[in-house]
Structures are given as structure tokens and as C-alpha cells.
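> below is the sequence, then the predicted model.
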Amino acid sequence: MTDSAAEALGVEVIRGLAMDAPQRANAGHPGTAMALAPLAHVLWTRIMRYDPEDPGWADRDRFVLSCGHACILLYTMLYLTGYGLDLDDLKSFRQLHSLTPGHPEVHHTRGVEVTTGPLGQGFANGVGMGIAERILRSRFGADLIDHHTFVVCSDGDLMEGISHEAASLAGHLGLGRLVYVYDDNHITIDGPTEISLNDDPVKRFEAYGWHVENLGEQANDLDALEGGLRRAMAEESRPSLLVLRSHIGYPSPNLTDTSKAHGSPFGKAEVEATKKVMGLPADQDFYVPPEVLEYYREAGRRGRDLRKAWQGRLDGWDGDRQAWDAAWGRRGEPGWQSALPVWEPGVSVATRNSVKAALNAIAPAVPGLVSGGADLTGNTGTQLEGEPRQSVEHPEGKAVAYGVREHGMGGAMNGMAHHGGVIPIGGTFFTFSDYMRGSVRLAALSDAKVIYFWTHDSVGLGEDGPTHQPVEQLASIRAIPGLRVIRPADANESAQALRVAIERDGPTALILSRQDLPVLAGTRESAALLERGAYILSDHGADHGADDSAAHAADPVDHGADPADDPDIVLIGTGSEVSLCVEAAKILQGHGISARIVSMPSWDLFDEQDDDYQDQVLGTGAPVLAVEAGSSFGWARYADDSVSIDRFGASGPGKEVLAYLGFTADNVAARALALIDAMDELDGFSDIDDPDEEEEDL
């Protein structure tokens, strides 16, 4: 078989598998995969540098299928080129526990770079990968980092707002080595794209500063596709978009260019008819002749020598290997934690400022840190002092000015994290985390190691009013599985929160204050306990009036383990409200009430602890009052009552707004006394003999 004949047959085999897998699953999206089979063939056999034996090779080209619904195309190429999938995996498409789920999932299937599905996300991921590649190439040299990122996107991707944000950012940054192919098939689920779209993508992306080439009707021309891709790859200071007019479902006799070809199996009769057109055996499912499989496996093996040559360069490299290992290990250099600052009681500092101090203190020893804000760098503590902004002029810059693009920032951060070699930090006001919610959810779903600095964390930010005051956001993000949420009480806790975020895998959200907060007695000594999610900060005993914070710092775990040592009430605070609990406890002392103050910066971390530790911290008999300037939703799992905010805020000076909504020491103390009385009444009621029980005894 000649090369041209092998290529032609290979493309038809890809199309056949793209029909067969959804047909067997009775679910899936065959049409786009069929139309893009020639493009996939060119990418995997002529263009991309990869090695299936080492899918995590640092200098591989990255491939992102932003239109993740067409994932059967990706799975087919991973099978053909030798990533470990077999035909049985394709036959298990979309089945429970299969390696071929309904949308690509990173860490689940070898060779999948990012989790895509929600449209536009993969588009933004690619931009983040481009940022990471440029920073690392500048830092470690082109001998070690020198690759491209290829992204296939659809009409739906370009309609979603996140793609506009990410495209604008990429154009502004002048990110070369980004090669995007826009599958312009003119079809959406509802019908032709003309019913909802008349954009000119060429003009739009040219306005963003991209290199744009309209390839037109060349979706089946392998040489034309290769030429367009190589011209795009030559761009060093502009991202590239190739507009490809494809025909969804091609060459189906009856479903080409129809909406049905997008999201439904073709049906047995149409599959057979299409295979006859393609010259494949109509009566065979999952047809892959040996010569075709060997053709693609050989293409997959070509990257082995490239990877081995790269490994040789790395082994002989005389650069900073400690920094390289730390960057790719997504951690700090040995001993980096010792650079974390500490604060003594008696000073007040906003946690957004203390985390900034911590970030800049450790930055030299954590080489992968890349930080920036959504036009709020100075406001959110994400500023890297002395670091140039990322740009064509400063490709080494680890400070990223994302602009007012929260969603694009979140998607780019995910791409940076999955690229590897960097730990992205991004900041905005907490209420604007809603704008990036889709990206945050995917970070949690895909275990992306990203760190969010979400500041201005309560109604305490004041005059900006309820549009800017987060109320429901904390409960909302706590509901995301896999997202570690930490709301530190003071400067010492914020530094430790950053430590936990860097030491652990997966995404972490730090919820930080705008207003100054007092550094509390005991937080420095109890610093290591932040990673347990909650700890006893102090006990205020009514009999002697002492603050036992020093005792808890020395023995924070065992103190109070005996139920007989339980106080009259436990006050749980998070963030800025911990200091409020301390003040309320002093008032309660005057009423003869002993109060335990528990700082609970993280529900997630506390839930990881065993029952014994949780009982030691919260006690086993005393009523528990939670104090948090946000929604009460969820607090019933830990507390008998909560001082919370189940309404939107108000515009005014921060202290006045907090007082208006009940966040004063006097009100917290009053609520504590009321809770104690209510629990006493409930206990008294439970002691009354039940007449029914007496009858049973008789």
C-alpha cells in the first residue's frame, strides 16, 4: 500500500469508528469527528511531537479538543497511535467506568490533556498552556522547552463568552505557538448557525491581534491542512486561527450538514450506507485492518527518538536542576516553608495584604509560581514584587495582567496547571468568583493545582454595597466537590493557608479580607493546626477569667478531650469573625459563662479529620454557635445556631454595615446566651417523663 493509499484508508477508518462507537452506545456525537478525521490524521501523523510511551513528556506538543463532545475522535487517535486504549475501550464508549467517557477527562484516559465539555473551556485552557510554555522556555531554555499547543474549537466554543475573554488576552500577550483550528461547520443543535450567529470570525480574531487564515473548503485536503498548520506554527508573536469550512457528518448520504449528525447516532441503515460510500465493509463494526493500525502505531513510535534526545539534553543540562524539579513537581524547593513570615499579636493587617507578604516571601523558593489578578492585582494580594508582566517583551514574566476577564483567567489557569511546570495564582473580588464559576468547577473536577485569592470577602467591605458584598458565595463554593476552601482569621493563618495550598494537590480558594484584622494570640503557635481545618484557639473560663490560648497552643489537640472539660458554649468563627468571637467571649465571662473559641478556616480540611479530633475541638455536650458574615446555609452540620446573613448587604461604611447586620460582640454574646437558654429548656423538656413510656412500664 502506498503512503497516499494508507492515508486515505486511515481517514475512512477513523470515520468508521466515529460512527460505530456512538451507534453501539446509542449516544454520542459522530458528525464532527467524521468531518475532522482528515485534520486528526494530519496532526497525529505529520505534525505533532508526542510519545505514547511517555504521555507526560514535558516538551510534548499539547492537544486540546475544546469541542469535547467530539471526543470519539480523540479516543480513536489515542487508540490508533498506541496510548493504551484498545478496540474494547472504543466499544465501551460512554459506558460506566470505561476509559472512553462522554467527554474527555484528564487523569482518566492516557493522552487526554485537559477536561473539556462545557464549550469554550478548552479554548481558554489552550491560552494558559501557551503562557506556561513561554514562561518555561524563557526560564529554562529552548533546549528543554520548545513546543506548540494545538486546539480544535467549534462554533459553540466561539459563541461562549469565555472564548472572547481568552482570545483577547492571547492576542494582547502576543502568544505565538498557539495553533487553533475553528471547525466552521455551520451547525448547532438547534439548526444552522445562521439562526443565531452571523459573526465574521476572521475580522474578529484579526481585531484581537491573531494571525488568521481562512482555509475554506479544504477539510479533506491533507496537504492543504498540513500547509496551514505549518504556517501557523511559524508564528512566534501572534496566536493563530485557521478557519476550516467542514461538513458535519461527511460523507453520510442523508445526514451530512444536518443537526442530527451533531448529537445522535446515525442508525444502522445510515451507518451501513455511509460505509459503502467510504469503501469500508458495511457489515463490519469497528473495522481496523492491520496495515492501518500499524501505520498509526509507527507514527506514534516516531516521537520516541525525539523524547529520548530531549531526555539526553536534560540529563546533560548544567542549569538550575533544583528549580526545574521544583517547578515540574509543583512544589517549593527544600525548606521553602521557612521563608513564610509570622506576625505577633498587637498589629492589625488585612489578610489580602498578609497573604501578599507571604507570597512574595516564598516566591524565590517556589519557582513555578505565576500570579496575577483580573484587573485587581494590587487589591487582591496577587502582585509579585519586582517581577515583570508577562508579554512579548518579557516572555519570562510571571506576573500576568489578566484584565477584567475573570472567566478567561480561570480557564487559562486550568490550562497552565495541566500544562505543568507552573502553579497559577489568580485573584478577584469574592463576589466576582461567580463570573469564573464554570472554570472553578472544572478545576475541581480535573484536580487542577490552581490557587484563587478571592478578597473583599464579606459585607465588611462597606461602601460598594450589596452588588459587591458576597453573601451566598461562601456557601456556594463550599458545595463544589474537590475545591479546598480556606478563610483565614488573621495574618498567621493566611500564611499557613498559602502553605497548604502549595503543599497539596488540587485547587485551593483563599477567602481574604479587605479590612484590617487583629493578629490573634495563639495563631502563631497553632500555625500547623490550620491544615486540620479547625482548632481550639482559646478557652475563656468563667471561674478564673483566664484566656487559655497559651495552653491550647502548647497542647491544642488533647485539651478539652474529656467531656467534663466542655465549656458552657463553643463559638466557631471563620475569617474576620474569629476576632469577634474572642471579644464576645470576654463579655460572656462577665455573665459567668465559659466560652471556647474555635477557629474553623476550612470545612474541607476539618472533614478530613477523624471523629476523635472533631470531638476534641467542638466538644461533645456544649451548645455550638457559628459566627460568619455570610449565608447560614450548611452550618447546621457543625452548629446549633449561627449568626449569619441570609439577605443581601447594604451600602455604607464597613463597620456600620456589619453592626447593622448583627456582627458586634454584644450581639454575638446575646445570641450565645439565648442559645444556652434554649438548649437548657430543651434539656429540661426532655427530662419530663413520657406518659406513654410509663404505661409501657406498667
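That came in fine, so what should we check first?

> where does the prediction get shaky in the stretch 501-650 of the chain?
Counting by pLDDT under 70, the stretch 501-650 of the chain shows low-confidence ranges at 541-564.

> cutoff 80 now
By pLDDT under 80, the low-scoring segments of the stretch 501-650 of the chain are 540-565.

> ranges for the helices of it?
In the stretch 501-650 of the chain, the helices defined using DSSP state H, counting those that start in this stretch lie at 549-554, 577-590, 603-607, 611-618.

> can you list those helices in TSV and add mean neighbour count?
Where C-beta positions appear, they are placed from N, C-alpha and C, glycine not excepted. Below are the helices of the stretch 501-650 of the chain laid out as TSV (neighbours: other C-beta atoms under 10 Å):
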stretch	mean neighbour count
helix 549-554	18
helix 577-590	22
helix 603-607	18
helix 611-618	17
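
> need the ones you listed in TSV (columns: distance to R389).
Formatted as TSV, the helices of the stretch 501-650 of the chain follow (distance: least, C-beta to C-beta, whole Å):
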stretch	distance to R389
helix 549-554	41
helix 577-590	36
helix 603-607	33
helix 611-618	44
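
> what about the most centrally placed residue in the chain, distance to C67?
In the chain, the residue lying closest to the centroid (C-alpha atoms, centre = their mean) is A443, at 1.9 Å. Plainly put, A443 is 20 Å away from C67 if you go by C-beta to C-beta, to the nearest Å.

> likewise G630?
G630 is 37 Å from C67, where distance means C-beta to C-beta.

> re the thing from before, D568 is nearest to which of the helices of the stretch 501-650 of the chain?
helix 577-590 (7.7 Å; C-beta to C-beta).

> show me what the closest one is packed against.
Packing contacts for helix 577-590, counted by 3 or more C-beta pairs under 8 Å, 6 or more residues apart in numbering; DSSP states H and E, involve strand 535-540, strand 569-573, strand 595-599, strand 624-627, helix 665-687.

> and the angle from it to strand 595-599?
Interaxial angle, helix 577-590 versus strand 595-599 (axes from the mean of the first three to the mean of the last three C-alpha atoms, to 10 degrees): 170 degrees.

> from the chain's centre, how far out does helix 577-590 sit?
Centroid separation for helix 577-590 versus its chain: 37 Å, with C-alpha atoms, centre = their mean, to the nearest Å.

> alpha carbons only: can I get it in CSV?
Extracted C-alpha coordinates of helix 577-590, given in CSV (Å, rounded to 0.1, in the frame of the first residue of the first chain):
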residue,chain,number,x,y,z
GLU,A,577,-15.4,36.8,62.7
VAL,A,578,-12.9,34.9,64.8
SER,A,579,-11.8,38.1,66.5
LEU,A,580,-15.4,38.9,67.0
CYS,A,581,-15.8,35.6,68.9
VAL,A,582,-12.9,36.5,71.1
GLU,A,583,-14.5,39.8,72.1
ALA,A,584,-17.9,38.1,72.7
ALA,A,585,-16.2,35.5,74.9
LYS,A,586,-14.9,38.2,77.2
ILE,A,587,-18.5,39.6,77.5
LEU,A,588,-19.8,36.2,78.3
GLN,A,589,-17.2,35.8,81.1
GLY,A,590,-18.8,38.7,82.8
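
> list the contacts of that helix.
Contact with helix 577-590 is made by 489-490, 517-518, 520, 537-538, 540-542, 545, 568-569, 571-573, 594-595, 597, 599, 627-629, 643, 663-666, 668-669, 672-673, as judged by C-beta atoms under 8 Å, 6 or more residues apart in numbering.

> now the residues you listed: which count as buried?
489-490, 517-518, 520, 537-538, 540-542, 568-569, 571-573, 594-595, 597, 599, 627-629, 643, 663-665, 668-669, 672-673 (16 or more other C-beta atoms under 10 Å).

> give me the buried positions along stretch 344-353.
V349, A350, T351, R352, N353.

> can you check the distance spanned by that stretch, start to finish?
Length of stretch 344-353, first residue to last, C-alpha to C-alpha, to the nearest Å: 15 Å.

> same question, stretch 136-152
Stretch 136-152: ends 24 Å apart by C-alpha to C-alpha.

> could you do stretch 622-634 as well?
Note: stretch 622-634 ends 19 Å apart using C-alpha to C-alpha.

> going forward can the numbers begin at 664, since that is how I track them
In the new numbering, first residue 664, that becomes stretch 1285-1297.

> which element is the nearest residue to W720 once chain neighbours are set aside on?
Ranked by C-beta to C-beta, 6 or more residues apart in numbering and with sequence neighbours excluded, the top spatial neighbour of W720 is R970, at 5.0 Å. In this assignment (DSSP states H and E), R970 forms part of helix 953-978.

> which strands and helices sit next to that helix?
helix 666-688, helix 734-744.

> can you give me how far the last one is from the chain middle?
Just to be clear, that refers to helix 734-744. The answer for helix 734-744 is 25 Å, by C-alpha atoms, centre = their mean.

> where does the prediction get shaky in this protein?
For the chain, the ranges with pLDDT under 80 are 664-665, 1203-1228, 1345-1361.

> quick one: secondary structure of A1024?
Following DSSP: H, G, I helix; E, B strand; the rest coil, A1024 is assigned to helix.

> kindly report the same for D946.
Three-state call for D946 (three-state DSSP): coil.

> that one against E935, yeah?
Yes: using C-beta atoms under 8 Å, D946 and E935 qualify as a contacting pair, with a distance of 7.5 Å.

> which one's more surrounded, these two?
Set D946 next to E935 and count neighbours by other C-beta atoms under 10 Å: E935 wins out with 15 against 8.

> isn't that one right up against Q947?
No: applying C-beta under 8 Å as the test, E935 and Q947 come out as separate, 10.1 Å apart.

> helix or strand: which one has G1073?
Here G1073 is assigned to helix 1069-1082, by DSSP H and E.

> ok, the nearest residue to G998 once chain neighbours are set aside to L1022 distance?
Leaving out its chain neighbours, the residue that sits closest to G998 by C-beta to C-beta, 6+ apart is A1028, at 7.4 Å. Shown here: A1028 relative to L1022, a distance of 12 Å by C-beta to C-beta.
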